[in-house]
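In: just to be clear, the model below is a prediction. Sequence and coordinates:
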Amino acid sequence: MTDAATPSAVLVDLLLNLQLVLSAVAFVLSLIAYRGYAGTPWGRVLEPIPVLLASILVTTGIEGAVPEATYLLVSAVCWTVTTGAVVLSTYRITTLRRGASR
């Protein structure tokens with residue numbers, strides 16, 4: 001979080017907190033959705049989504065709480081995991097659309 005109490009710093013803090021809350025809600029909902037479709041072709045599509053949301057939660061949650069060098073490293077790893085999860089989910093939905101379930 002930012003140190004100064006300027007209006008823009010307050011807005012940034014507010015937006016970071018909102019991102020954290022929304023990401024946490026999305027994470028829980030994604031787990032429920034995955035669990036509901038587990039063992040089905042749609043479950044395979046939904047499977048990577050909780051992973052990508054967990055990565056976003058970590059990145060958002062540690063912002064300002066750790067040294068900048070640590071944040072940059074963890075953030076780079078998390079965004080790589082997030083991108084990989086998006087690619088996997090996209091691939092799976094593409095193969096599902098073509099009629100292949102595995």
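Out: Received the coordinates, thanks. Residues are numbered from 1 along each chain as shown.

In: centre-most residue in the protein?
Out: Here the mean C-alpha position of the chain is nearest to the C-alpha of residue 53 (CA atoms, centre = their mean), at a distance of 2.2 Å.

In: that one against residue 26, yeah?
Out: Yes. Contact status for residue 53 versus residue 26: in contact at 5.4 Å, counting by CB atoms under 8 Å. No exception for glycine: its C-beta is placed from N, CA and C like everyone else's.

In: next, give phi and psi for residue 66.
Out: Backbone torsions of residue 66, given as degrees, to the nearest 10, read phi -130, psi 160.

In: next, count neighbours for it.
Out: 14 (other CB atoms under 10 Å).

In: again with residue 31
Out: Burial of residue 31, expressed as a neighbour count using other CB under 10 Å, amounts to 15.

In: report pLDDT for it.
Out: According to the predicted model, the pLDDT of residue 31 comes to 96.
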